[in-house]
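In: A predicted structure for the sequence below; I have some questions about it.
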Amino acid sequence: GQQLNQSPQSMFIQEGEDVSMNCTSSSIFNTWLWYKQDPGEGPVLLIALYKAGELTSNGRLTAQFGITRKDSFLNISASIPSDVGIYFCAGVPGNTGKLIFGQGTTLQVKP
Amino acid sequence: DTEVTQTPKHLVMGMTNKKSLKCEQHMGHRAMYWYKQKAKKPPELMFVYSYEKLSINESVPSRFSPECPNSSLLNLHLHALQPEDSALYLCASSRLLQAGAHGYTFGSGTRLTVV
């Protein structure tokens, strides 16, 4: 089945540093989504990407939809303690309603 | 209202119990989903409903029984669960099945413990 490879698995950084994480797939996706999940809560949508090559920002977050439609990255600039959580990429392979999730990147920020 | 509301937030049940999880949204979304999530793992799709009809069942055991009584409500009926079914159960909705159009909105989940 379709799988997403998300890296890194975890990151421990100093407050103020920039962060980058990415997802790759062997299959083409029509849409890429980036979610953040806090402990005990559901995932919250951060950025949605709909076109190959698209670069979208949401505050300190920037994400891009790869030209090949098989990858995406998420950057967080000037990290702050509340950025702590698990970040998931998710791909949408068609119109079935299914989301294919990456394995997640756990981010810890040291004040 | 831009939320998906799940109740209860926590549930402890015995293996012989019958319980139900409830999910509600008032965003006019016509696709609703149940996901199961184990600790530090991504959510796994269980069921998809589109216009109140079951669209996808990801080979989920029959001890999990979904129900969509109307366009705003989604239930998950539980019976004779096993301890390994303990997990965070997430409900989500999207405007249409073409979730990519606007992404999903997830609820906060029900933390289920089977004893």
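Out: Good, I have the coordinates.

In: In chain A, which residue sits nearest chain B?
Out: Closest to chain B within chain A is residue A:31: 3.0 Å, counting by C-beta to the nearest C-beta. C-beta here means a position set from N, CA and C on the backbone, and glycine is covered the same way.

In: Based on its surroundings, how many neighbours for that residue?
Out: 23 (other C-beta atoms under 10 Å in any protein chain shown).

In: Tell me what it is bridged to.
Out: Bridge pairing for residue A:31 (DSSP bridges) gives the partners residue A:92.

In: Check which helix or strand the one residue sitting closest to the centre of chain B maps to.
Out: Nearest residue to the geometric centre of chain B (C-alpha atoms, centre = their mean): residue B:34, 2.9 Å. According to DSSP states H and E, residue B:34 maps onto strand B:31-37.

In: Contact residues of chain A facing chain B?
Out: Within reach of chain B by C-beta under 8 Å from any C-beta of the partner chain, chain A has these residues: A:30-31, A:33, A:35, A:40-45, A:48, A:50, A:86, A:88, A:92, A:95-99, A:101-104, A:106.

In: Pull out the buried residues from the residues you listed.
Out: Buried subset of those (neighbour count, 16 or more other C-beta atoms under 10 Å in any protein chain shown): A:30-31, A:33, A:35, A:42-43, A:45, A:48, A:86, A:88, A:92, A:97-99, A:101-104.

In: Among those, which ones are in strands?
Out: The members of these that map onto strands under DSSP state E are A:31, A:33, A:35, A:45, A:48, A:86, A:88, A:92, A:101.

In: Quick one, which of the residues you listed has the minimum pLDDT?
Out: On pLDDT alone, residue A:92 ranks lowest of those, at 82.

In: Which positions within stretch B:15-30 qualify as buried?
Out: B:19, B:21, B:23, B:24, B:25, B:29.

In: Kindly report the same for stretch B:56-73.
Out: B:56, B:60, B:64, B:66, B:68, B:71, B:72.

In: Pick out whichever of the residues you listed sits closest to chain A.
Out: Once C-beta to the nearest C-beta is applied, the member of the buried residues of stretch B:56-73 that ends up nearest chain A is residue B:56, at 6.6 Å.

In: Contacts only, for that closest one.
Out: A:96, A:97, A:98, B:45, B:47, B:48 (C-beta atoms under 8 Å, 6 or more residues apart in numbering or on different chains).

In: what do you get if the cut-off is 6 Å, keeping everything else the same?
Out: By C-beta atoms under 6 Å, 6 or more residues apart in numbering or on different chains, the contact set of residue B:56 is residue B:48.

In: What pairs with the host helix or strand of it, parallel or antiparallel?
Out: In the assignment (DSSP H and E), residue B:56 maps to strand B:53-57. Sheet partners assigned to strand B:53-57 using DSSP bridges are listed as strand B:44-50 (antiparallel).

In: Give me the contact list for the partner strand.
Out: Contacts of strand B:44-50 (C-beta under 6 Å, 6+ apart): A:97-98, B:31-36, B:55-58, B:60, B:66, B:68, B:97.

In: just the residues you listed now: which is nearest residue A:11?
Out: Closest approach between the contacts of strand B:44-50 and residue A:11, by C-beta to C-beta: residue B:35, at 24.7 Å.
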